[in-house]
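S.K.: predicted structure and sequence below. I'll ask about it afterward.
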Amino acid sequence: MISLNIIERPNPQDRTAENKFYAQVVATGKTDLERLAYLVSNQSTVREADCYAVILSLLHNIVDELKQGRIVKLDKLGAFQLGIQSEGVATAEEVTASVVKNLRIKFRPDQRMKNQLNLKTVQFTLAE
């Protein structure tokens with residue numbers, strides 16, 4: 001079950017308009033690599049330490065592939081790709097690596113994951 005908070009926000013386009021109330025998801029904790037390795041090991045015949053090592057290796061290789069400019073597609077999970085924010089310049093000749101101001105990792109979930117997480121499969125409750 002997903003807990004929701006109620007938050008009040010102003011309209012960014014019209015600060016004089018009445019504030020509106022919105023639902024916001026409340027995180028109920030964090031799951032780290034050790035927990036994922038534990039969960040996977042309990043669902044298979046692979047030991048927890050081996051699961052942990054494989055997940056760490058996967059993360060290392062995802063980063064290496066992203067650094068090579070590749071899209072990393074993990075079937076049934078989704079795709080990772082690098083994105084940048086850059087400064088605008090007047091001419092194409094002025095575009096160099098120095099106009100890059102920020103780097104981010106973009107994730108696009110696979111259709112199967114989207115299908116497993118939707119309004120029909122998730123329940124909500126208001127946080128107390």
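M.R.: Sure, I can see it. Residues are numbered from 1 along each chain as shown.
S.K.: centroid-nearest residue for the protein?
M.R.: The chain has Phe107 as the residue nearest its centroid, 5.7 Å off, counting by C-alpha atoms, centre = their mean.
S.K.: what's in contact with the helix or strand hosting that one?
M.R.: Using DSSP states H and E, Phe107 maps to strand 100-109. The contact list for strand 100-109, computed with C-beta atoms under 8 Å, 6 or more residues apart in numbering, reads 66, 77-87, 117. Every C-beta, even on glycine, is put in place using the N, C-alpha and C of the backbone.
S.K.: just the buried subset of the residues you listed, written out for PyMOL, thanks.
M.R.: Filtering the contacts of strand 100-109 down to the buried ones (16 or more other C-beta atoms under 10 Å) takes a single PyMOL command:
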select buried, resi 66+78+80
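S.K.: in the chain, what residue spans correspond to helices?
M.R.: Ranges of helices in the chain, per DSSP state H, are 33-42, 48-67, 111-116.
S.K.: tabulate those helices (JSON lines), appending mean pLDDT.
M.R.: Shown next, in JSON lines, are these (pLDDT from 0 to 100):
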{"stretch": "helix 33-42", "mean pLDDT": "93"}
{"stretch": "helix 48-67", "mean pLDDT": "95"}
{"stretch": "helix 111-116", "mean pLDDT": "94"}
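S.K.: okay if I get those as CSV plus distance to Lys20?
M.R.: Converted to CSV, the helices of the chain look like this (distance: least, C-beta to C-beta, whole Å):
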stretch, distance to Lys20
helix 33-42, 37
helix 48-67, 38
helix 111-116, 27
